[in-house]
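> after the sequence you'll find the predicted model.
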Amino acid sequence: MLQVGLEHFLFVSAILFSLGIYGIVTRKNAVMVLMGVELVLNAANINFVAFSKFGNFGINGQVIALFVIVLAAAEAAIALAIVLNVYKTFVNINVDEINKLRD
Amino acid sequence: MSENLLIQLSVTILFLPLLGFFAVIFLNKKIPNMYKFELGVISLTFIATLLVLYGKLSGYIDETIIGTFNWIDFGKVPVLGSVTIELGVKLDNVAVIMLFTVNLISMLVHYYSVAYMKDDIRYNLYFAYLGIFTFSMLGIVITHNLLMMYIFWELVGLSSYLLIGFWFEKDSAADAGKKAFLVNRVGDIGMFIGILILYTNYHTFTFDEIFAQIQNGVIPFGSSGWLTAAGILVFMGAVGKSAQFPLHVWLPDAMEGPTPVSALIHAATMVAAGVYLVARIFAMLTADAMVFIAVVGAITSFVAATIAITQNDIKKVLAYSTVSQLGYMVMSLGVGAYAFAFFHLVTHAFFKACLFLGSGSVIQAMHHEQDIREMGGLRKKLPITYVTFLISTLAISGIPLTSGFLSKDGILAGTLAFGDLTGHWLIPAIGFTVALLTAFYMFRLVILTFHGKPRNKEKYDHAHESPKLMTVPLIVLSTLSIFIFYTPNPLSPDAGWFLGEWISTPQTVVPQSSAFEFMNDGTTGTSNEIIHSQIYEDAMHHAHYPAMFLSLALAGLGIFLAFVFYQWKKISADKFAESIKPIYQFSLNKWYVDEIYHYTVISGTLAFSKILHWFDAYIVDGIVNGSAALTRLISRISGLIDTYIVDGLVNFTALFSGFMGLSLRRLQTGKVQTYIVFVIFSVFVLLWVFNSI
Amino acid sequence: MDLYDIIFYLFALLTLVSAYFVVTNKNIVHSAFFLLFTLFGIAGLYVLLGADFLAVVQIMVYVGGILILLLFGVMITNKITNVSIKTGTIHIIPAAIVIGLFAGALASIMVKTQWQTESAKIPFTTSYALGKSLITEYVLIFEILGILLLIALIGAASIARREEKE
Amino acid sequence: MEGFPILTLITFLPILGMVLILFMPSVQKQWIKITALVVTILQVVLAAVLLANFNYEAVGVNQAETFQFVEQFRWIEIYGGSWLGTIKIDYFLGVDGLSIPMVLLTAIISLIALISSWKIDNAVKGYFALYLLLDTGMMGVFVALDFFLFYVFWELMLLPMYFLIGIWGGPRKEYAAIKFFIYTLLGSVFMLLVMIGLYFSASEKLGDGTLAHTFNLLALMDQSNYAPDGILSPLNPHNLRFIAYIALFVGFAIKIPMFPFHTWLPDAHVEAPTPISVILAGVLLKMGTYGILRISFPIFPEITRDLAWYIGLFGMINIIYGALVALAQKDFKKLIAYSSVSHMGYVLLGMASLTTVGMTGAILQMFNHGTITAMLFLLVGVIYDRAHTRDINGFGGLATQMPAYTGYITVAFFAAIGLPGLSGFISEALVFVGAFGVPEIRTITIISALGILLGACYMLWTLQRIFFGKLNEKWSSLQDLDLREYIMLVPLAIIVLLLGIYPSALIDVMTSSVNYLVEIMLPTTTTISSIGF
């Protein structure tokens, strides 16, 4: 049981994923939401790499993870730019007050 | 002259007046004296006609010259093989004599009109119309087939229409032209159907080919009844054109046209075309058809004569006399006196043309006064007109030494022989009665116009004899009413060249069973081909002298009565008329035929057309519009359904959702985070539901 | 339980605990720093999974790039001088319940599932293999990603610069 | 001529002109008109070339190899799944003796009506563009030998007509345009149904030996091409050919227009501008009867034989009814419209005879009616231009004021009532001769002959009311014909006169085809006595 196998990594990833979601859901600050997203992405990455190792997919999982990292970087850049813009418009970046969708 | 030359000449004669017509129509605006071209053309035509007449009678007196060409070729028709429609020219003695008559009178009328019409605003056009009339009439004369006959038949109808309505500013003239055309069309439909029957059975329009096939025993639709019907139907055309009862009503009205036109078309030539047509189809007439034709002719001549007695318009009297004489000719054909019918056609053409042109001279002298009650004593003022008029009147009354005596006597003899042979005595009875009436009304006309004292002094004083251009035609025509041009014997035409050499009755081709018995040649017993059989010949011979004396006596009586009433005034005509007022009125109002037509056929047709118009506008179109309206109604109903039921359902759904939405609105915070919570929860629920956990 | 396992548990613990603090800490700057540890932990896990190159990339890109970026964002938007650096949270309790349930479900799936595993054939050094496959098998995606990055770069710049035009 | 796509050219030349016009600025009215004129003149020239190179012996009708100027290539070929099979539509043009008179007629009438359009002054560009489109549609109908193509042209003509009436028409133009459109569309729907039915019932051997359904009219005429179980197959004992025939006939009858489907015609005519009336009467009505001759007759010979009596009956009703209703009209144009109804009845009667003479008469009547009625509508347009009224009773005595005009209208009227020497007579006479020869419709023919009389009644009465009598002072300023009007009337008058005197000029063109058509329409056992003439 304590012998580390695939399940362990997956378990860590699952918890990390849930924490990321929790962060996205509960935090008001847009930057904090972004951090939650990063957590979720990393959780996924762990899965990729883990499956890559234990599932005999060769190097492919790692390549995908690499791509995800790149995507995350791009996403972070864009997201922050948006956050800046939102901030200029609403003078805050608290997502619960930016509820134009409701109307 | 060779046959070919004759054919070519006759075709030239046919088309020369047409050339005149087109030339004048298109150039009359540019060249004021264009009518002279037409005069030249008609003179040329006449010269050519003389050549043809001479060539035919000198070289080919017993032959028939035929020239044809293919007009329409239908190629190789299934089942029937080759089908073509031929047009062609047939020159027999009848045709060339007719050709001569038509062209002579036409030319005389042309010259006469130069003077008569000289102040008319459409002077050139008038001559153009005369040109197309001459063309159409010549076409009828020289055709060798029924289709071409029909074509020119209609064309003379057109020219008659144009000329009657020549003064179209007058409503009465326009009306008369229309009436003439339409009444003629009624007859033409019958004729056309008759032609259709013949063509359907014989696949040819040519007279001689049809006769040949009948002779070979081919009967339309296998029944001699159809042969009778075909004969009567084709005769219908003649009923229209020759103004036979009951289609005679257009001719008196046609007097609205210029008087020279009345002379040419409505007295001498066109109206005689009907007689000419019957003469052309004479060989195929069955006994029944002949009786029918004779009866129609007899009725016509009687009706018209009774009307003519009471008319006061100089042209109307002449018009009814024309109708009556045409009835004579038709009757004559009906009783089998073919040669005399044609003879009368020719003689009548001359003296009636003379009478009409004479009346034109009178009318012009009287400044377009046509009522004979306003005339009187004109013989001093118009000596030439009077003399020529009198000669023609004597001719039409059948007084010896005139041509009319010869032809009329022959016809009466024919009716008598017919009555003798078949027992139809009514026909000679009518024939003789009409002879009496004719003499009476014609002399009434002469006396009232030329004798006695002038009744309208003012007009009388201004009257003067017509110019030479008008009197010369009168003299020519009245001269032609003398017997010597037709026979050396003033009492019997039989020995003369006209009947003795030129005209011979065609052989009948009708099967023995449907022809008159007396038409069988007694000499051979089996042959059924000679209508001019010995029996008939003998009967005619027997009838000749009785008929002559009887008709002379009756004509004399008629003339005497006319003098009694109008010259010597022994009996007052007015009082006599008063005493038989109903009969007088009946005659004066032309037997009320026009009124009957007006209130039955014409009003009926117009009313029916109005009803149909209503039917079309409200029922037929109503159905269309109704279906459109119905479609609209349905669409409106479905629109309502759509608005209130379907849309109502939708709205209810919307309302319901709105309500639900209101209640669920709390869930819809507009915050992405809340939604994510729901998503996550849903995923959990799904996982749980699918039992994966 | 050998060394490998121990190291795994350490890194896993580091990752999860600091991740927990990332999402729960009220101070946004603190959160950012906890994120740093999370990322380190994950990098460690990568090493344990034989993905050495990836671990390095993780540290360089995430720690060296993204995290710095985030911090910048935090600082710019909060105008550090006058605005509280702390941020509030919203409906923690329902979220916690739901996500707890979800986490449980997810974890139980991960654990209970009978994964088909095979012995790994990961090469000892992955950089060579990675590099090769990037320019052979994945060259298209590689190129697209390059373009994507470029677009992101330009896009981010343009979005952020918009204020000056107004 | 070999290989030169003259039919394509004659059909699509107007479209080319239309494109040219569309590229012109709309203020250049004169150039737009000239372009359209040049196009239609070229079309007439092409039609003349067509006639000059036409082989009078070739029969056509259902023999692909004896059609002339044929252009055939695959237009659309899609594999439509197992149920549809290969959908194969040919671009298939060709002419034979039945269609060449119509092609000539279309070219001539298009030119004449275009000259008559010269005075159109509002929205010139749109008018002439639509006009040329209409021209293509009409020409296409007469040269198409593929049912689908035929249908396309048939519909193509509908739309410009709708706009031409609806935009440039009279006071009630919307009503008339809609009525025309919906009525004709209704007919088209019937045609479409039959077309599809035929398509699925028949198939043609392709070049590679496989069978494919076909729209090829000539293939549809060949009974051996039908599958034994097709719904419109003659081999199928439970086929629906009878119903299909009626539906198709109704589709065409609306266009003729046959009683009781005729009521769109007076409305459309009254509201349409003069040139469009000319087109409508001159060409469009002929499409109905042409369709019957080209499609209904050879594809359904056995049903045609059964129903010939009814066709003749409707012809008779058209003749008599149209004439009687015309008699009651007060609007000059409406009168002419109803006279069209009457005259198209002769076409039906002639076709019902199923004899060479009758059918020749019918086709000739189609041509003659086209020219004569075109002339009549032009003349009505002339008087309407000047007096702005068409009330027959409001005129009077115009003959003194406008002698040349009166002359031309007299020619047209007399041609219409079948005066010998003018073209109307020949066709009517041939129709009667042909129809009378068939025992079954003999009675009908005799009754129809009354139409000759009634026609004369309304025409002469109208002539009298408008032109004779004293001149109504109101009209003493009316001008007689001008040069443009002469240009459009004189050619028609010449044609009318020429065909009246020498009808063989046109009859010879069609005899071979008509004879062949009659032959394939014959029942297998025929003797002279049973066919009559």
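Looks like it came in fine. Residues are numbered from 1 along each chain as shown, chains lettered A, B, ... in the order given.

> for the longest helix along chain A, packing partners?
Longest among the helix segments of chain A by residue count, using DSSP state H, is helix A:60-90. Applying 3 or more CB pairs under 8 Å, 6 or more residues apart in numbering or on different chains; DSSP states H and E, one finds that helix A:60-90 contacts helix A:30-54, helix C:52-57, helix C:67-78, helix C:126-135, helix C:139-165. Yep, even glycine has a C-beta here, placed from its N, CA and C like the rest.

> pick the most deeply packed of those helices.
Greatest average neighbour count among the helices and strands packed on helix A:60-90 goes to helix A:30-54 (a mean of 24), per mean count of other CB atoms under 10 Å in any protein chain shown.

> how far off centre is it?
Here helix A:30-54 shows a centroid-to-chain-centroid distance of 5 Å under the convention CA atoms, centre = their mean, to the nearest Å.

> hmm, back to that, next, the angle from the longest helix of chain A to helix A:30-54.
170 degrees (axes from the mean of the first three to the mean of the last three CA atoms, to 10 degrees).

> B:L499: which of the helices and strands packed on helix A:60-90 is closest?
helix C:139-165 (120.3 Å; CB to CB).

> so what's the gap between stretch B:175-193 and the chain middle?
6 Å.

> so that stretch, near chain D or not?
Yes - using CB under 8 Å from any CB of the partner chain, stretch B:175-193 comes into contact with chain D via B:175, B:178, B:181-182, B:185-186, B:188-189, B:192-193.

> mind listing what's buried in stretch D:493-503?
Applying a neighbour-count criterion of 16 or more other CB atoms under 10 Å in any protein chain shown, one finds D:493, D:495-496, D:499-500, D:503 buried in stretch D:493-503.

> so which residues of the stretch 51-200 of chain B form strands?
Ranges of strands within the stretch 51-200 of chain B are B:65-77, B:81-91, based on DSSP state E, counting those that start in this stretch.

> do the last one and chain D meet at all?
Yes - Strand B:81-91 reaches chain D (CB under 8 Å from any CB) through B:V83.

> quick one: contacts of that strand?
B:6-7, B:10-11, B:14, B:52, B:56, B:60, B:64-77, B:142-145, B:147-148, B:203-208, D:356-357 (CB atoms under 8 Å, 6 or more residues apart in numbering or on different chains).

> buried sites along it?
B:83, B:85-91.

> out of the contacts of strand B:81-91, which end up buried?
For those, buried by 16+ other CB under 10 Å: B:6-7, B:10, B:14, B:52, B:56, B:60, B:65-67, B:71-72, B:74-75, B:77, B:142-145, B:147-148, B:203-208, D:356-357.

> just those that are near chain C?
Residues of the buried ones among the contacts of strand B:81-91 in contact with chain C (CB under 8 Å from any CB): none.

> before we move on, back to that, let me have the residues of stretch B:175-193 next to chain D in TSV, adding pLDDT and neighbour count as columns.
Below are the residues of stretch B:175-193 next to chain D laid out as TSV (pLDDT from 0 to 100; neighbours: other CB atoms under 10 Å in any protein chain shown):
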residue	pLDDT	neighbour count
B:D175	87	19
B:K178	88	23
B:F181	90	26
B:L182	89	20
B:R185	89	25
B:V186	89	20
B:D188	90	25
B:I189	90	20
B:F192	91	29
B:I193	91	21
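
> show me what residue of the stretch 401-550 of chain B gets nearest to chain C.
Of all residues in the stretch 401-550 of chain B, the one sitting closest to chain C is B:V509 (105.2 Å; CB to the nearest CB).

> how many other residues sit next to that residue?
For B:V509, the count of nearby residues is 23 (other CB atoms under 10 Å in any protein chain shown).

> which residues does it contact?
Contacts for B:V509 (CB under 8 Å, 6+ apart) come out as B:211-212, B:214-215, B:283-284, B:529.
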